[in-house]
Structures are given as structure tokens and as C-alpha cells.
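# Test case, fold it:
(one chain, ligands or ions: 1)
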Amino acid sequence: MTDLPDTPETRRASCHCGAVVIEAFLPQGLASASRCDCSICRLRGPGAVTALTARVRVLQGEDNLGLYTWGTRTAKHYFCRTCGIYTHHQRRSDPAECGINIGCIDGIDPRDFAAIPWTDGINHSCDR
Ligand SMILES: [Zn+2]
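Next up, the predicted model:
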């Protein structure tokens, strides 16, 4: 695990161009950060912190959010239609949770996440 704070907190996150701004409650704080090696996460890279889906609010740019789904279409991957940046996704493993792109979180130094653990997305819990 990382030594990031596990204090519950609400964070803002935004895409590269600034069109999309979201706010999310992180019940385990930044310490919930994880990376995943599933087919999509391995391409987009940065890893995510855990938020409660019911407490993710789009503050700005809802119309500018693209939605990508495939396979079982359970997971919902959101991205900015202008700059293409993935902001968050509703999880397949638990739709009550969302992953928030750690790189999008305001005031974050991505180097703080150097040691974040990996999730085994190749052997997804829903496929076992
Ligand atoms: Zn954008």
C-alpha cells in the first residue's frame, strides 16, 4: 500500500481542457489508489482512486462527457469529448463505486502515486 492519506474526503477533478469538472467523495481517501492491467486500464495508464457512484457529481461539462462501454456494458467509462481525457468510470466489479483518474484530481502530484498497487484486471473478479 501507499502512504497516501486514507481520510474520507471530497475532491475535484478536471480534464485537460477544463470543459469537464467533477466532484467525488472518496470514502478511503487517496489511499484507495490502484492501477489495473485490464484491456482498457493498461492503455490509459494512470490508475484511479475509489469514489461512491452516488456521490460523484458532474459540476461542469455534462454535455461534453463521452461514454464508452463494451462487452457486458456494465462498466461505464467517461471521457471529455474535447480533449479525450478519461475522467472517471463506474466499475464493473461494483457499480456502486467509481474510479476517478488520479491524474485529473486537482492539486495532485502524480509522483505521490509512484508506488500504488496493481489490481489483477486480466483475471477480473466478474469473470471468475
Ligand atoms: Zn477536456
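# Go ahead and flag the most central residue of this structure.
residue 100 (2.2 Å; Cα atoms, centre = their mean).
# What's opposite that residue in the beta bridge?
residue 49, residue 88 (DSSP bridges).
# Assess the claim that residue 50 and residue 94 are in contact.
No: counting by Cβ atoms under 8 Å, residue 50 stays clear of residue 94, with 9.0 Å between them. C-betas here are computed from N, CA, C, even on glycine.
# And the residue nearest to the centre of the chain, how far from residue 37?
19 Å (Cβ to Cβ, to the nearest Å).
# OK, contacts around the residue nearest to residue 122 when sequence neighbours are not counted?
Nearest residue to residue 122, sequence neighbours excluded (Cβ to Cβ, 6 or more residues apart in numbering): residue 37, at 5.6 Å. Residues in contact with residue 37 (Cβ atoms under 8 Å, 6 or more residues apart in numbering) are 118-122.
# swap in residue 39?
So residue 39 contacts residue 121 (Cβ under 8 Å, 6+ apart).
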